[in-house]
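J.: Build me a model:
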Amino acid sequence: MQKSLLLIGAIFGFTAVILGALGAHALENHLDESALKSFETGVRYQMYHALLLLWVGSSSLILSNFKKIIGYLLIVGIVFFSFSIYLLSTSAWLGFSVSFLGPVTPLGGMLLILAWLLIFVNFVRMKTK
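T.: The predicted structure is shown next:
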């Protein structure tokens, strides 16, 4: 599981850089300011949580039973939150409606919040030296 979290974290990290460059250079003339700002929010949160995923995957501070659950919450949370934002913010430019994804974004945010909460619980349960 540790290697999987590291690989997926790295994939999310490099795709965040690619999507950030796409937003800054290729999409700036195609999206309105609000859509571009939303797209950038998706990129920012993807990168934050890609870094967290790398840390969770490599940290000995996260108990193994928590590591798997936190990893799944982060992976699904990133996909639901960031990728729904990417599609919602570019839907007018792409020429199709994805308004049905509206409820997916807050669900992804809730999964990310739960991952952070489990990290907190993990630290509370840690045996101190």
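J.: what separates the helix or strand residue 113 falls within from the chain centre, distance-wise?
T.: Following DSSP states H and E, one finds residue 113 within helix 104-125. In terms of C-alpha atoms, centre = their mean, to the nearest Å, the centre of helix 104-125 is set 12 Å apart from its chain centre.
J.: hmm, who's touching that helix?
T.: Residues from elsewhere that reach helix 104-125, judged by C-beta atoms under 8 Å, 6 or more residues apart in numbering: 45, 49, 52, 56, 61-63, 66, 69-70, 73-74, 76-82, 84-85, 88. Where C-beta positions appear, they are placed from N, C-alpha and C, glycine not excepted.
J.: can you rerun that using 10 Å?
T.: With C-beta atoms under 10 Å, 6 or more residues apart in numbering as the test, helix 104-125 has contacts from 38, 41-42, 45, 48-49, 52-53, 55-56, 59, 61-63, 65-67, 69-85, 87-88, 98, 101.
J.: helix, strand or coil for the one residue sitting closest to the centre of the chain?
T.: Geometric centre of the chain, nearest residue: residue 78, 2.6 Å, by C-alpha atoms, centre = their mean. Secondary structure assignment for residue 78 (DSSP: H, G, I helix; E, B strand; the rest coil): helix.
J.: Could you find the closest non-adjacent residue to it?
T.: residue 49 (5.1 Å; C-beta to C-beta, 6 or more residues apart in numbering).
J.: Which pLDDT does the model give that neighbour?
T.: Looking at residue 49, its pLDDT reads 98.
J.: ok, now the one 4 residues further on?
T.: At residue 53 the predicted local confidence, pLDDT, stands at 98.
J.: Same question for the one 5 residues further on.
T.: According to the per-residue confidence, residue 58 scores 96 in pLDDT.
J.: Relative to residue 9, how far out is it?
T.: From residue 58 across to residue 9, the span is 9 Å (C-beta to C-beta, to the nearest Å).
J.: quick one, which of these two is more surrounded?
T.: Per other C-beta atoms under 10 Å, whichever of residue 58 and residue 9 has more neighbours is residue 9, with 24 against 14.
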